[in-house]
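Asker: Build me a model from this:
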Amino acid sequence: MEKEMLVLAELKEGKFEKFMGWMQSDEGMSVRKSAAHPEKTVGAVIPDKSGVMFKVFVHNEEKMKELVSGTNPIGKPIFDECVVKMTAWDLTKVEM
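Answerer: You can find the predicted model right below:
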């Protein structure tokens with residue numbers, strides 16, 4: 001079952017380009033694909049590039065938790081180098 005989540009990543013100073021480069025690399029895409037559908041991801045950048053926000057469509061919540069907590073074995077090196085913290089929220093649609 002697909003679940004919508006919002007992920008906010010606070011980045012270390014000067015690490016925006018390195019982090020985003022990895023996220024778009026073959027290695028980063030494989031990690032992202034293991035948890036969510038990258039082609040559906042909606043991203044935004046904090047104006048001073050100190051962080052990014054992603055709306056993701058998750059198909060494997062355990063893998064997403066690994067990625068967000070920095071415990072994914074493939075993603076851990078880039079997480080340790082670039083990320084201060086990552087937080088995720090479940091999203092639910094509000095009917096109007």
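Asker: surely A9 meets F79?
Answerer: No - proximity of A9 to F79 does not meet the contact threshold set by Cβ atoms under 8 Å, at 9.1 Å. C-beta here means a position set from N, CA and C on the backbone, and glycine is covered the same way.
Asker: shared neighbours of those two, which are they?
Answerer: With Cβ atoms under 8 Å, 6 or more residues apart in numbering applied, the overlap between the contact sets of A9 and F79 consists of M86.
Asker: Can you show me the strands along this structure?
Answerer: Across the chain, reading from the start of the chain, the strands by DSSP state E fall at 3-11, 42-45, 51-58, 83-90.
Asker: Pick the most deeply packed of the ones you listed.
Answerer: Per-residue neighbour counts averaged over each of the strands of the chain give the maximum for strand 51-58, namely a mean of 19 (mean count of other Cβ atoms under 10 Å).
Asker: what distance separates that one from the centre of its chain?
Answerer: Its chain's average C-alpha position is 5 Å from that of strand 51-58, according to Cα atoms, centre = their mean, to the nearest Å.
Asker: Remind me what it packs against, helices and strands.
Answerer: Secondary structure elements in contact with strand 51-58, counted by 3 or more Cβ pairs under 8 Å, 6 or more residues apart in numbering; DSSP states H and E, are strand 3-11, helix 16-24, strand 42-45.
Asker: Having no further points to raise, I will conclude here.
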